[in-house]
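Engineer: Need the 3D shape of this:
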Amino acid sequence: MKKALSVLLIAGVLSVSMTACKKDKAEDCTALAQAVSDKGAAYMTSSTAANCNAYKAALNDYVNSSCSQLTADQKALYQEMIADLDCQ
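Structural biologist: From the prediction side, this is the model:
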């Protein structure tokens with residue numbers, strides 16, 4: 001259940017953040033957000049270590065990009081949530 005809530009929460013923030021992307025970065029932001037969505041769906045479907053690691057990597061890529069539009073506190077919270085994903 002915690003895994004599902006984390007995936008849904010992160011997906012929700014990504015969808016809100018996507019609306020804040022600048023036009024010149026829209027394709028890159030869309031691709032990063034789509035990767036998070038795809039990897040999150042794969043992880044929800046099959047909770048393997050490989051899917052978990054792929055999801056974490058996609059999340060890290062997005063959160064650390066200029067697309068995320070997160071404040072420093074929000075970014076720290078997401079990085080903590082990402083670190084808490086147990087990929088064993």
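Engineer: Please make it C-alpha for all contacts and neighbour counts, starting now.
Structural biologist: Fine.
Engineer: Show the subsequent helix or strand relative to the helix or strand bottoming out on mean pLDDT in the chain.
Structural biologist: Ranked by mean pLDDT, DSSP states H and E, the weakest helix or strand in the chain is helix 2-18, scoring a mean of 57. Next in sequence after helix 2-18, counting helices and strands by DSSP states H and E, comes helix 26-45.
Engineer: helices and strands around that next one, which ones?
Structural biologist: When contacts are defined as 3 or more Cα pairs under 8 Å, 6 or more residues apart in numbering; DSSP states H and E, helix 26-45 sits against helix 2-18, helix 49-63.
Engineer: hmm, try it at 6 Å
Structural biologist: Judged by 3 or more Cα pairs under 6 Å, 6 or more residues apart in numbering; DSSP states H and E, the packing partners of helix 26-45 are helix 49-63.
Engineer: which parts of stretch 78-87 are buried?
Structural biologist: Residues of stretch 78-87 classed as buried under the neighbour-count rule (16 or more other Cα atoms under 10 Å) are 78, 79, 82.
Engineer: And for that stretch, what's in contact with it?
Structural biologist: With Cα atoms under 6 Å, 6 or more residues apart in numbering as the test, stretch 78-87 has contacts from 49, 52.
Engineer: if we can go back for a sec, list the ones among the buried residues of stretch 78-87 that fall in helices.
Structural biologist: Those of those mapping onto helices are 78, 79, 82, per DSSP state H.
Engineer: Any regions of this structure where pLDDT drops low?
Structural biologist: Along the chain, segments meeting pLDDT under 70 span 1-27.
Engineer: The same query, at a cut-off of 50, please.
Structural biologist: Within the chain, the stretches with pLDDT under 50 are 16, 18-23.
Engineer: Which secondary structure state is assigned to residue 66?
Structural biologist: coil (DSSP: H, G, I helix; E, B strand; the rest coil).
Engineer: for it, phi and psi?
Structural biologist: Main-chain torsions, residue 66, degrees, to the nearest 10: phi -80, psi -10.
Engineer: Roughly how far does it sit from residue 75?
Structural biologist: Relative to residue 75, residue 66 is positioned 11 Å away (Cα to Cα, to the nearest Å).
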